[in-house]
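Trainee: Predicted model follows, preceded by the sequence.
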Amino acid sequence: MRSTEEVVLSLREALRGVGVVLPSLCVDPVTGAGEEPFALVQLGRCNVRTAERLAAVLRGEPVEPAPTKEELLARVRQVNREGRLPR
């Protein structure tokens, strides 16, 4: 069996491949320090748009490609320059 870190990477790539990015997806650090042989995978929180995209993918509906990390960073920088929250 693969490590939890490998499974998280695989899940992240699979989700991105169908147009979904879960920003908080990670290995749960608390369970990673416990007695269990494998830590839990923390799916994390996401905004309503991401939840809607995930639901569409699970229903087999097509979705637009997920933005790249660089595109997301560019959006954050733009919002920071403008000094306002996105609408």
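Mentor: Nice, I can see it.

Trainee: which of the residues in the helix or strand containing residue 9 are buried?
Mentor: Here residue 9 sits within helix 4-17, counting by DSSP states H and E. By 16 or more other C-beta atoms under 10 Å, the buried positions in helix 4-17 come out as 4, 8, 15-16. Where you see a C-beta, it was placed from the backbone N, CA and C, and this is true even at glycine.

Trainee: who's in contact with the spatially most central residue of the chain?
Mentor: Taking C-alpha atoms, centre = their mean, the centroid of the chain lies closest to residue 22, which sits 1.6 Å from it. Contacts were defined as C-beta atoms under 8 Å, 6 or more residues apart in numbering; by that measure residue 22 touches 12, 15, 43-44, 46, 50, 54.

Trainee: rewinding a little: summarise which helices and strands the helix holding residue 9 is packed against.
Mentor: Packed against helix 4-17 by the contact rule (3 or more C-beta pairs under 8 Å, 6 or more residues apart in numbering; DSSP states H and E) you find strand 26-27, strand 41-42.
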